[in-house]
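*Asks:* Structure of the sequence below:
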Amino acid sequence: MIPLGIEPGLVSEASQEVTTALSASHFGSGTLRVYATPAMVALVERTCQEMVQARLPTGQSTVGVAIQIRHLAPTPVGGTVRVRAEVVSVEPPVIVFKAQVWDKHELIGEAEHRRAVIDVDRFMKRVEAKRAEADLRSS
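*Replies:* Numbers count the residues shown, from 1 in each chain. Predicted structure coming up:
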């Protein structure tokens, strides 16, 4: 169940400076010193996650389950990008977001992102079971 307050129209914004560590040449996703698509994905995901986390009950969190992203224009190292993300629908247990990413000149990206609300203890039990199975195989 999705708590009240996580509903269409909920909005969050964030920004970040484009550093060398966020460049395509650093990520290995390209050869140029421009904002990397994987950095844009991470910014969108983090902004959406932080938007809803404080509204979830203790013991719940969200995990990213899908993202469609279009990187439309370059931003050089030294520039700043900002994201505006909005909840557009709630399809329990999934929250659907739309995001736009801008630099000071233009729209540089668009995304649709889906996050599933999970019970942290139950989720981590699945993770630990996989870890234990992997440990058995490696010994």
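
*Asks:* can we go C-alpha only for contacts and neighbour counts from here?
*Replies:* OK.

*Asks:* Identify each of the helices in this protein and give its residue range.
*Replies:* 24-27, 37-53, 120-138 (DSSP state H).

*Asks:* ranking those by burial, who's on top?
*Replies:* Compared across the helices of the chain, helix 37-53 shows the largest average neighbour count, a mean of 19 (mean count of other CA atoms under 10 Å).

*Asks:* Report all helices and strands that it contacts.
*Replies:* strand 11-17, strand 60-71, strand 80-91, strand 94-102, strand 107-119 (3 or more CA pairs under 8 Å, 6 or more residues apart in numbering; DSSP states H and E).

*Asks:* Select, out of those, the one closest to residue 32.
*Replies:* Closest approach to residue 32 among these (CA to CA): strand 60-71, 14.4 Å.

*Asks:* Geometric centre of this structure: which residue is closest?
*Replies:* residue 45 (0.7 Å; CA atoms, centre = their mean).

*Asks:* Next one: it from residue 96, what distance?
*Replies:* 11 Å (CA to CA, to the nearest Å).

*Asks:* anything in contact with each of these two?
*Replies:* Residues within reach of residue 45 and of residue 96 at once, by CA atoms under 8 Å, 6 or more residues apart in numbering, are residue 113.

*Asks:* which ones are touching the residue nearest to the centre of the chain?
*Replies:* 64, 113.

*Asks:* mind starting the numbering at 485 from now?
*Replies:* Sure, I'll start numbering at 485, so the last one becomes residue 529.

*Asks:* per-residue confidence at it?
*Replies:* Residue 529 carries a pLDDT value of 98.

*Asks:* Please apply the same query to residue 616.
*Replies:* 84.
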